[in-house]
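> Following is a predicted model, sequence given first.
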Amino acid sequence: MKYKKIDINEKLIGDGFFIYGWDETDNEIHISVKSVGKQIKCPCCNEPTSSLHSNYHRKIQSVPMKGKRTVLDVVANKYDCLNDNCSNKVIVEPLPFAAWKQRRTIELDCLILSISCFLSDEGTSTILKTIGINISNDSIRRLREKLEFVDDPDIEKVGIDDVAIRKGHTYATAIYDMEDHHLVALLDGRDKNTLKEWLQNHKKIKLVSRDRASSYATAIEEVLPNCIQVADRFHLLQNLLEYMKDIFKDALPSQIYIEDGVILEEEPEKVTVPVSVDDKILENLNYDGSDPLDENGNIIEFNKSSTDQNDPNYIKQAENRKKNRT
């Protein structure tokens, strides 16, 4: 077996930076990272420069290692812009693993957002602390509010499917880019009028992968008559299973009898097996409906609130269920 050598610097922090130190305590891991120095372009005039002005220091929380809070202690550079006509005199070197003024790595933010999709902000914060990520529920909410869906008008291949915001009550139409499978748009409802309005601004679409909903098919045919519509893999498999069930129902009998691993052509004769029961055992199992007693003869009391329909708690719960249904 051949093993491929992996550059840990490139995998962890990207190109242009290297790890020169490592410190571990009982609760935290500190990784010292430094820029190798390189030529960069001015964001204002786009002129290249490698003239070092100074360096700057940042501490950025990263994805935890060994269940401990992990911090990147970064030393990056500042460069002089050599263009005399440029208003930007000092260029701050960007970091490939964190945005400007960001206290967490991009990878860590993606992990936080992924977990927050399935839990509340408070629950996400609590779970993350157990694996070494310190973030408040307010920070999670602000991070999620920064998300924005970029709707590309030049998109040519999309996937369309309905998703449940609240199953049985609220639905939406999700539209994905089939090239890289990212979410392009999330439309309210799952009717054809909402989809038609969106398709009017995306006339370059040539291929749509959709579910079996007739409303989506009608909307696509009306707005994009030359667009190719295909069924996605999930619904193709679902159709195949339904056809296979119909075939099996016609080909197989309603009842199959098996004896000693052999399929019988006819129903076997029923054999009556006599069963003898000890009368003493039946006497011990006899119950007259009286309250059970402990070894001292005291009545054993049980909580009957879940079964006694006259219990106040049972009546109150029933009333609450009726209010929620209405």
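Thanks, I have the structure now. None of the values given here were measured: they were computed from a predicted structure. Residues are numbered from 1 along each chain as shown.
> give me the low-pLDDT residue ranges for the stretch 101-250 of the chain?
149 (pLDDT under 70).
> all helices of it, in order?
Remark: helices assigned in the stretch 101-250 of the chain by DSSP state H, counting those that start in this stretch are 106-116, 121-130, 137-145, 192-199, 214-223, 233-251.
> For residue 164, which of those is the nearest?
Across the helices of the stretch 101-250 of the chain, residue 164 has its closest neighbour in helix 233-251 (14.9 Å, Cβ to Cβ). (C-beta placed from N, C-alpha, C; glycine too.)
> one step back: any chance of the helices of the stretch 101-250 of the chain in CSV, with distance to residue 310 and mean neighbour count too?
Below are the helices of the stretch 101-250 of the chain laid out as CSV (distance: least, Cβ to Cβ, whole Å; neighbours: other Cβ atoms under 10 Å):
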stretch, distance to residue 310, mean neighbour count
helix 106-116, 45, 16
helix 121-130, 38, 15
helix 137-145, 43, 14
helix 192-199, 50, 17
helix 214-223, 49, 16
helix 233-251, 47, 10
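> Just send the ones you listed back as TSV, with distance to residue 82 too.
Shown next, in TSV, are those (distance: least, Cβ to Cβ, whole Å):
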stretch	distance to residue 82
helix 106-116	30
helix 121-130	44
helix 137-145	37
helix 192-199	48
helix 214-223	53
helix 233-251	55
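> Let me know which of those helices is the nearest to residue 71.
helix 106-116 (10.8 Å).
> What angle do helix 121-130 and that closest one make with each other?
Helix 106-116 runs at 130 degrees relative to helix 121-130, counting by axes from the mean of the first three to the mean of the last three Cα atoms, to 10 degrees.
> ok, how many other residues are close to the closest residue to residue 206 other than its chain neighbours?
Nearest residue to residue 206, sequence neighbours excluded (Cβ to Cβ, 6 or more residues apart in numbering): residue 156, at 5.0 Å. Residues lying near residue 156 (other Cβ atoms under 10 Å) number 14.
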